[in-house]
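A.B. asks: Structure here, sequence nowhere to be found:
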C-alpha cells in the first residue's frame with residue numbers, strides 16, 4: 001500500500017514536470033515566429049509575414065499586423081479601395097499614414113499610365129503630375145523618390161515621342177506641364193517654334209529656335225527657316241511682287257544680304273515709279289527704306305529754275321483768277337505746262353485754296369514753313385515742307401518728319417508736280433478713283449461723275465490708305481442684319497444680297513472671344529428691321545433717326561425710342577460730335593484697320609474703311625480716322641468695329657483689302673447698307 005502511494009506521487013510529479021516543459025516550449029515557439037514575422041515585414045515580404053501572423057492568432061499584436069500586411073497586399077494587387085479602408089482602420093499604427101499616401105500615389109499613377117495608353121494626354125499629365133507630387137511629399141519613404149522621377153520621365157518621354165511624330169501641340173502641352181523638369185521649358189519652346197513654322201510664320205519660328213540653339217536641331221532649323229523666307233523674297237522680287245518681297249527682306253533684317261537686297265529693290269521701285277510718274281508710289285517705296293535712295297541737295301541753279309516755274313505759274317493763275325487785264329497773257333505763259341499735264345492747274349488751285357502762298361528766297365507755304373528741294377536721280381527731285389525756318393537743311397536721307405511732300409519732274413517742256421499729304425484728288429490712281437489726301441478745298445466734294453448719287457474716292461495718308469463711299473441722299477443708308485440673333489451672323493456680301501442693296505460697310509461690335517466670334521451676338525444697342533436688341537454693353541452708338549440724321553452718343557432703348565431712332569449699331573468711340581472733333585489719349589492708340597461712318601451738314605453720309613496690317617497700309621488710330629472725317633467736313637462721326645471686321649463691299653466686289661483670315665468678310669451681326 002505504501003509502495004503504491006509512493007509510485008503515484010512519482011508519476012504525478014513527472015507528469016507535472018512534462019506539462020511545465022511543454023508550456024515553455026510553446027511560448028518559445030510563438031515568440032520566435034513573431035520575431036520572424038517582424039523580420040519579414042522589415043524586408044517588405046508581406047505575404048509570408050501575413051502567413052506567420054495568421055498562425056500566431058491573438059499573440060501580442062499579431063492580429064493587427066496581419067491586417068496591416070493584408071492592407072499592403074491588397075494595395076499591391078490594385079485593390080486600392082479595400083486598402084484605403086484597412087489603412088483608415090489602422091490609423092496611427094506603425095507607418096499607415098505614409099502607406100496610405102504612398103498607395104494613393106500608386107493608384108493615381110496607375111490611372112495616369114492608363115490614360116497615357118488611351119492617348120488622353122491631358123488626363124495623363126494631370127494624374128501623373130499629381131502622383132509625382134504625392135511621392136515627392138513622402139521624401140525617402142520606400143521608393144517614392146524613384147517613382148516621382150518615373151512619373152516625370154514618363155511624361156517627358158511621351159512628349160519626345162509626340163515631338164518625333166510632329167504632334168507639336170500635344171507635345172508642347174506636356175512639356176508645359178513639366179515646366180522646369182530637365183529641359184522641358186526649352187522643349188516646349190521648340191514645339192511652339194515648330195508650330196509657327198507649320199503655319200508659315202517662318203521668321204517668328206526662326207526667332208524662337210534661335211533662343212534655344214542647343215536643343216535638338218534648333219540652330220539648323222532657325223537657319224533653314226530664315227533661308228526659306230530669303231528664297232521666297234527673292235522669288236517674289238523676280239516675279240514682280242516687289243512690295244511683298246520688300247516686306248520679307250525687311251523682316252529678315254541682317255540675314256545674309258537682305259538689307260542690300262531691300263535697298264536695291266527700293267531703289268529700283270523708286271526709279272521705275274518716278275519714270276512712270278507714280279510719285280506717291282515712289283514716296284511710299286522710299287518710306288520702306290529711307291536710306292536706300294540717297295538724296296543730294298539740288299544746286300542753286302536747279303532751285304532757281306523750280307522757283308521760277310512755280311512763281312510764274314502761281315502769278316499767272318492769280319492774275320487769271322482775279323480777272324485782271326493781264327490775266328489771259330499771264331496764263332498763256334504756263335499754258336504749255338498745263339497742256340502736257342491736265343491735272344497741274346487743278347493741283348495748284350487746291351494748294352492755293354488750302355493756304356496762302358507767297359514767294360521769297362525759298363518756297364513759303366502757310367506763312368512760316370519752307371519747302372526744301374533734293375535731287376533723287378537725274379531729273380527727279382524730292383521737295384518737302386519743313387516745320388520752321390530754324391530747322392537746318394539735311395543733306396542725304398531726309399531725317400526731319402515730312403508733313404507735306406512734292407515730287408517735281410523736270411522735263412524738256414517744264415516741271416510737273418505730284419503730291420502727298422495734301423488734297424489732290426486728280427492724282428493718277430491704279431483703281432481709277434479720285435484720290436483725297438487732305439482737307440477738301442472749300443469743303444466741296446469731288447464731282448458725282450456718273451450722277452448716281454454715289455461718290456467713291458480713295459483716301460491716302462502717311463502710313464495708311466482707305467476708301468470712302470459718299471452717299472449724297474442719307475435716306476438710302478440703313479442698318480441691316482441676318483434676321484435673327486443667337487446663331488451666326490452673315491458675310492457682308494450676303495447681307496447686301498439679302499436686302500438687294502448696292503453695297504455697304506461692316507457695322508457694330510459683337511461678342512468675339514479670342515477673335516473667333518460668329519457674329520451672332522451683337523454688343524450694345526442694336527436697332528435693325530424695326531427690332532431693338534440690347535446684348536452686352538458697348539461704346540457709343542451710330543444711329544439714324546426718322547429724318548435721316550446721324551446721331552452719335554450713348555443710347556438706351558428708351559432714349560432711342562424718344563429720339564425717333566430708326567437704325568442703330570454700337571461700337572465707338574465717337575469721332576466728331578456737332579462739328580467738334582473728339583480728342584484725348586485714347587484717340588491716338590491702336591494702329592489697326594478701321595471702319596467709320598459720318599455725316600456732313602448737307603446730309604451726305606460718309607462711309608470709310610481704312611486698310612491695316614499690310615505693307616501698303618499699316619493702319620490708323622481713332623485720331624487718324626477722326627481727322628479724315630474732319631477733312632470731309634463731317635459734323636457727326638463714329639468709329640465702327642475695326643480690325644479683321646473692317647470690310648467694304650460695293651457693286652459685287654470688295655473695295656478694301658480686308659485683314660481677315662479669309663481675305664474677305666467675317667461673319668457680322670449687322671452692317672450699314674446702301675439702297676439701290
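C.D. replies: Good, I have the coordinates. Predicted, not measured: the structure shown is a model, and the values here were computed from it.

A.B. asks: is it true that residue 607 touches residue 505?
C.D. replies: Yes - look at residue 607 against residue 505 with Cβ atoms under 8 Å: they come within range, at 4.9 Å. (Glycine included, C-beta is placed from N, CA and C.)

A.B. asks: Quick check: neighbours shared by these two?
C.D. replies: In terms of Cβ atoms under 8 Å, 6 or more residues apart in numbering, residue 607 and residue 505 are both contacted by the residues 469, 597, 648, 672.

A.B. asks: how would you label the last one: helix, strand or coil?
C.D. replies: Read it as residue 672. Assigned by DSSP: H, G, I helix; E, B strand; the rest coil, the conformation of residue 672 is strand.

A.B. asks: Relative to residue 523, how far out is residue 481?
C.D. replies: 13 Å (Cβ to Cβ, to the nearest Å).

A.B. asks: ok, now residue 449?
C.D. replies: 39 Å.

A.B. asks: More neighbours: which of those two?
C.D. replies: Using other Cβ atoms under 10 Å, the more surrounded residue of residue 449 and residue 523 is residue 523, with 22 against 8.

A.B. asks: give me the element the nearest residue to the more buried one once chain neighbours are set aside is part of.
C.D. replies: The spatial neighbour of residue 523 that comes closest, neighbours along the chain excluded (Cβ to Cβ, 6 or more residues apart in numbering), is residue 538 at 3.9 Å. Element membership for residue 538 (DSSP states H and E) is empty, with no helix or strand holding it.

A.B. asks: Could you report the neighbour count for residue 538?
C.D. replies: Residues lying near residue 538 (other Cβ under 10 Å) number 22.

A.B. asks: now swap in residue 254 and tell me
C.D. replies: 7.

A.B. asks: Equivalent analysis for the one 3 residues further on, please.
C.D. replies: Around residue 257 there are 13 other residues, counting by other Cβ under 10 Å.

A.B. asks: Look up how far residue 262 lies from residue 294.
C.D. replies: Counting by Cβ to Cβ, the gap from residue 294 to residue 262 is 15 Å.

A.B. asks: which of those two has more neighbours?
C.D. replies: residue 262 (25 against 13).

A.B. asks: Would you agree that one is in contact with residue 253?
C.D. replies: No - with contact defined as Cβ under 8 Å, residue 262 does not reach residue 253; the gap is 9.5 Å.

A.B. asks: Can you get me a residue count around residue 30?
C.D. replies: Residue 30 has 15 neighbours, counted by other Cβ under 10 Å.

A.B. asks: what do you get for residue 212?
C.D. replies: As a burial measure, residue 212 scores 19 neighbours (other Cβ under 10 Å).

A.B. asks: any idea where the helices of the stretch 51-200 of the chain begin and end?
C.D. replies: Assigned by DSSP state H, counting those that start in this stretch, the stretch 51-200 of the chain shows helices spanning 62-76, 80-89, 96-118, 121-137, 144-164, 168-178, 184-198.

A.B. asks: again with the stretch 501-650 of the chain
C.D. replies: Applying DSSP H, counting those that start in this stretch to the stretch 501-650 of the chain gives helices spanning 557-562, 622-631.

A.B. asks: what's the most buried one of the ones you listed?
C.D. replies: Greatest average neighbour count among these goes to helix 622-631 (a mean of 22), per mean count of other Cβ atoms under 10 Å.

A.B. asks: ok so, going back, any chance of the helices of the stretch 51-200 of the chain in JSON lines, plus mean pLDDT?
C.D. replies: Converted to JSON lines, these look like this (pLDDT from 0 to 100):
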{"stretch": "helix 62-76", "mean pLDDT": "89"}
{"stretch": "helix 80-89", "mean pLDDT": "86"}
{"stretch": "helix 96-118", "mean pLDDT": "91"}
{"stretch": "helix 121-137", "mean pLDDT": "94"}
{"stretch": "helix 144-164", "mean pLDDT": "94"}
{"stretch": "helix 168-178", "mean pLDDT": "94"}
{"stretch": "helix 184-198", "mean pLDDT": "94"}
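
A.B. asks: residue boundaries of the strands in the stretch 201-350 of the chain?
C.D. replies: With DSSP state E, counting those that start in this stretch, the ranges of strands along the stretch 201-350 of the chain come out as 296-297.

A.B. asks: Give me the below-cutoff pLDDT ranges for it.
C.D. replies: For the stretch 201-350 of the chain, applying pLDDT under 70 flags the ranges 277-280, 283-284, 287-288, 290, 302-350.

A.B. asks: 80 - rerun?
C.D. replies: Within the stretch 201-350 of the chain, the segments meeting pLDDT under 80 span 243, 273-350.

A.B. asks: what ranges do the helices span in it?
C.D. replies: Using DSSP H, counting those that start in this stretch, the helices of the stretch 201-350 of the chain run over 202-210, 218-238, 242-252, 258-275, 279-288, 300-322, 327-332, 335-340, 343-354.

A.B. asks: can you list contacts of the first one?
C.D. replies: Among residues not part of helix 202-210, those counted as contacts by Cβ under 8 Å, 6+ apart are 189-190, 192-194, 196-197, 218-219, 221-223, 225-226, 228-229, 251-252.

A.B. asks: the inter-axis angle of that helix versus helix 218-238?
C.D. replies: Put simply, helix 202-210 runs at 160 degrees to helix 218-238, going by axes from the mean of the first three to the mean of the last three Cα atoms, to 10 degrees.

A.B. asks: For helix 202-210, what is the distance to the chain centroid?
C.D. replies: Here helix 202-210 shows a centroid-to-chain-centroid distance of 17 Å under the convention Cα atoms, centre = their mean, to the nearest Å.

A.B. asks: What of the fourth one?
C.D. replies: On the basis of Cα atoms, centre = their mean, the separation between the geometric centre of helix 258-275 and that of its chain is 30 Å.

A.B. asks: buried ones in it?
C.D. replies: Within helix 258-275, the residues scored as buried using 16 or more other Cβ atoms under 10 Å are 258-259, 261-263, 265-267, 269-271, 273-274.

A.B. asks: domains for the protein, by residue range?
C.D. replies: The chain breaks down into these domains under automatic domain parsing: 2-94, 220-288, 296-428, 441-674.

A.B. asks: Quick one: end-to-end length of the longest one, please.
C.D. replies: With Cα to Cα, to the nearest Å as the measure, the ends of domain 441-674 fall 27 Å from one another.

A.B. asks: Could you give the average pLDDT over it?
C.D. replies: Domain 441-674 carries an average pLDDT of 90.

A.B. asks: I'd like to know how far the residue lying closest to residue 253 once chain neighbours are set aside sits from residue 246.
C.D. replies: Excluding the flanking residues, the one nearest residue 253 by Cβ to Cβ, 6+ apart is residue 259, at 7.3 Å. For residue 259, the distance to residue 246 equals 12 Å [Cβ to Cβ].

A.B. asks: Likewise for residue 125?
C.D. replies: Counting by Cβ to Cβ, the gap from residue 125 to residue 246 is 44 Å.

A.B. asks: Ok, residue 534 next?
C.D. replies: Residue 534 sits 47 Å away from residue 246, going by Cβ to Cβ.

A.B. asks: Neighbour count: these two, which is higher?
C.D. replies: residue 246 (23 against 17).

A.B. asks: Compute the number of surrounding residues for the residue nearest to residue 571 when sequence neighbours are not counted.
C.D. replies: Sequence neighbours aside, residue 509 is the residue nearest to residue 571 in space, at 4.5 Å (criterion: Cβ to Cβ, 6+ apart). Residue 509 has 25 neighbouring residues, counting by other Cβ under 10 Å.

A.B. asks: any idea which helix or strand carries residue 459?
C.D. replies: Using DSSP H and E, the element containing residue 459 is strand 454-461.

A.B. asks: can you give me the offset of the helix or strand just after that strand from its chain's centre?
C.D. replies: Scanning forward in sequence from strand 454-461 by DSSP H and E, the next helix or strand is strand 464-471. In terms of Cα atoms, centre = their mean, the centre of strand 464-471 is set 24 Å apart from its chain centre.

A.B. asks: Give the buried residues for strand 464-471.
C.D. replies: Buried residues in strand 464-471, counted by 16+ other Cβ under 10 Å: 464-471.

A.B. asks: for stretch 242-258, same thing?
C.D. replies: 242-252, 255, 258.

A.B. asks: From what I see, residue 575 and residue 598 are in contact.
C.D. replies: Yes - contact criterion Cβ under 8 Å: residue 575 and residue 598 qualify, at 7.0 Å.
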